[in-house]
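> Show me the folded form of this:
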Amino acid sequence: MGFNFAVGVLGVVVLAHAAHATIQYRSLLKITGDEFSGPPFTVVLELLVGLGFCLWAALTVPGKFLSIRPQDDENRVVSLPVNLDFMIFNHRGKAFPMDSSNLSKSSGNLR
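Coordinates of the predicted model:
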């Protein structure tokens, strides 16, 4: 848990505080009977700071981005997967005619 993770946690805390401040502001407006026209500037500023912190953490915590090289042998599929249970060859597409003679006969019946 490094510095970047702590920045992400701080961002979540700042966003939670902004949500709490907005709820308190709306309840204050209900008590005074005023209309809600939008959150105060300080809440909007907290939201932007929290978003920046969370974005920073999301981009730095997972690790370094590596490029994908298509010419590597590791990226090639050379064999079928070991578990063939999820390969489906029997589907409803076989209910439709495949040859063009069936298609022309069925389209002629529609006229």
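
> need the longest helix for this protein.
Counting residues, the longest helix in the chain under DSSP state H turns out to be helix 3-32.

> among the helices and strands of this structure, which has the poorest mean pLDDT?
helix 100-109 (a mean of 54; mean pLDDT, DSSP states H and E).

> still on that earlier bit, got the buried residues for the longest helix of the chain?
Neighbour-count burial for helix 3-32, counted by 16 or more other Cβ atoms under 10 Å, picks out 7-8, 10-11, 14-15, 18, 21-22, 25. C-beta here means a position set from N, CA and C on the backbone, and glycine is covered the same way.

> pretty sure Thr22 is touching Val43, no?
Yes - Thr22 is within contact range of Val43, at 5.4 Å (criterion: Cβ atoms under 8 Å).

> How about the backbone phi and psi for Trp56?
phi -60, psi -50 (degrees, to the nearest 10).

> tell me the pLDDT at the residue nearest to it when sequence neighbours are not counted?
Excluding the flanking residues, the one nearest Trp56 by Cβ to Cβ, 6 or more residues apart in numbering is Val7, at 5.6 Å. On pLDDT, Val7 comes in at 93.

> who are the neighbours in contact with Leu59?
Contact analysis of Leu59 by Cβ atoms under 8 Å, 6 or more residues apart in numbering lists nothing.

> Next up, phi/psi of it, please.
Dihedral angles (degrees, to the nearest 10) for Leu59: phi -90, psi -20.

> got any ranges where this protein has weak pLDDT?
Across the chain, the ranges flagged by pLDDT under 70 are 1, 70, 72-89, 97-111.
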